[in-house]
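> Attaching a predicted model along with its sequence, questions to come.
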Amino acid sequence: MKLLSSIKWHFKRVYKKVLYFLQIAINPVIQIAGVKLIMDKNWSFNVKDHMIRKDYETGEIEIIKKNLDSTDIVLEIGTGLGFIAIYCSKIVGQENVTSVEANPFLESYHTKVFNLNNIHPNVIYNSVGKEEAETTFYIDKKNFWSSSLIPFKSKNLLNIQVKNINVNNLIRDISPTFLIIDVEGFEYELISMIKDYQGIKKIQIETHPQIIGLSKVEEIIPALSKYSFELDEYYSKENQFFFKKA
């Protein structure tokens, strides 16, 4: 039975790979939650699978849809493919969305996808941290959208130097009310570095227990409670944390 199940699983995966390759070749543009994204045949199977099934970043979108107000100012740390930045811009206006991305290889993709959606949020191509200095950033050479300030397992790991900007200065300059964090395992360190939450009322964090461990993920809750943020258990599901200012 196990062998039969394994054969079925592999057959289904190969079938999907061929189907996705053909779909991308015919029309690489897919629309999710009103946002148009351009798929690439070189993307990982899992990313393509989620996109084509249209459940890509559903946790984040569900939180944003219910909690982002038209008067909010958004600071997103970790632009990724630009999906969240575009979605937020449709609600609050592109002039009220700033997104920070450390991976310089994503800039050309962002240009295409922002033009496609006719939305151009402010994107800063730097890493964020405590000091304003050069820092090491890790990128998968084959899957360049897979990147982190934390080294991860990959046969194709590329180390590059990127400019680091002070996260507290960034917050003071932008004065966001809604902070979105998706930094592939750097979330605990980043939260520990932020000392000035001034006008921030809502925080959404994607956690990565598979990278930093469950104990570090759980420490984020008391770390933010010191600044009067309470975990909203209704919206906090799986690896998504959502906090509101008490």
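That came through, no problem.
> Can you give me the buried ones in stretch 86-103?
Residues of stretch 86-103 classed as buried by neighbour count (16 or more other Cβ atoms under 10 Å): 86-89, 91-92, 94, 96-103. In this view, the C-beta of every residue, glycine as well, is placed from N, C-alpha and C.
> Just the closest of the residues you listed to Val128, please.
Using Cβ to Cβ, Val100 comes nearest to Val128 of those, at 5.6 Å.
> ok, what's across the strand from the closest one?
Ile77, Ile124 (DSSP bridges).
> Quickly note the distance from Ile26 to Tyr20.
Using Cβ to Cβ, to the nearest Å, one obtains 11 Å as the distance from Ile26 to Tyr20.
> again with Ile150
With the distance defined as Cβ to Cβ, Ile150 ends up 29 Å from Tyr20.
> And Ile139, by the same measure?
Taking Cβ to Cβ as the criterion, Ile139 is separated from Tyr20 by 23 Å.
> out of the two, which sits in the busier spot?
More neighbours sit around Ile139 than around the other of Ile139 and Tyr20, counting by other Cβ atoms under 10 Å; the figures are 24 against 18.
> Who are the contact partners of the residue nearest the centre of the chain?
If you average the C-alpha coordinates of the chain and look for the closest C-alpha using Cα atoms, centre = their mean, you land on Asp182, 4.0 Å from that point. Listed by Cβ atoms under 8 Å, 6 or more residues apart in numbering, the contact set of Asp182 reads 60, 76-78, 80, 84, 205-206.
> if we go to 7 Å?
Residues in contact with Asp182, defined by Cβ atoms under 7 Å, 6 or more residues apart in numbering, are 78, 80, 206.
> Leu22 versus the residue nearest to Ala102 when sequence neighbours are not counted, what's the distance?
If you skip the residues right next to it in sequence, Ala102 has Ser127 as its closest partner in space, 3.7 Å away by Cβ to Cβ, 6 or more residues apart in numbering. Distance of Ser127 to Leu22, given as Cβ to Cβ: 37 Å.
> which one of the two has more residues nearby?
Shown here are Ser127 and Leu22; by other Cβ under 10 Å, Ser127 has more neighbours (25 against 10).
> Tell me the spacing between the more buried one and Ile61.
Taken as Cβ to Cβ, the spacing of Ser127 relative to Ile61 amounts to 25 Å.
> between the contacts of Asp182, which is closest to Glu189?
Taking those together and measuring to Glu189 by Cβ to Cβ, the closest member is Gly78, at 13.1 Å.
> didn't the closest one look like it was pressed against Val183?
Yes - with the criterion set as Cβ atoms under 7 Å, Gly78 and Val183 qualify as a contacting pair; they are 4.7 Å apart.
> just the helices in the protein please.
Shown for the chain, the helices assigned by DSSP state H span residues 2-26, 45-52, 58-67, 83-92, 107-117, 167-174, 187-193, 209-212, 214-225.
> Compile these into TSV and extend it with columns for mean pLDDT and distance to Asn156.
Conversion of the helices of the chain to TSV gives the following (pLDDT from 0 to 100; distance: least, Cβ to Cβ, whole Å):
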stretch	mean pLDDT	distance to Asn156
helix 2-26	76	19
helix 45-52	85	16
helix 58-67	95	27
helix 83-92	98	24
helix 107-117	96	18
helix 167-174	95	29
helix 187-193	94	24
helix 209-212	89	17
helix 214-225	95	26
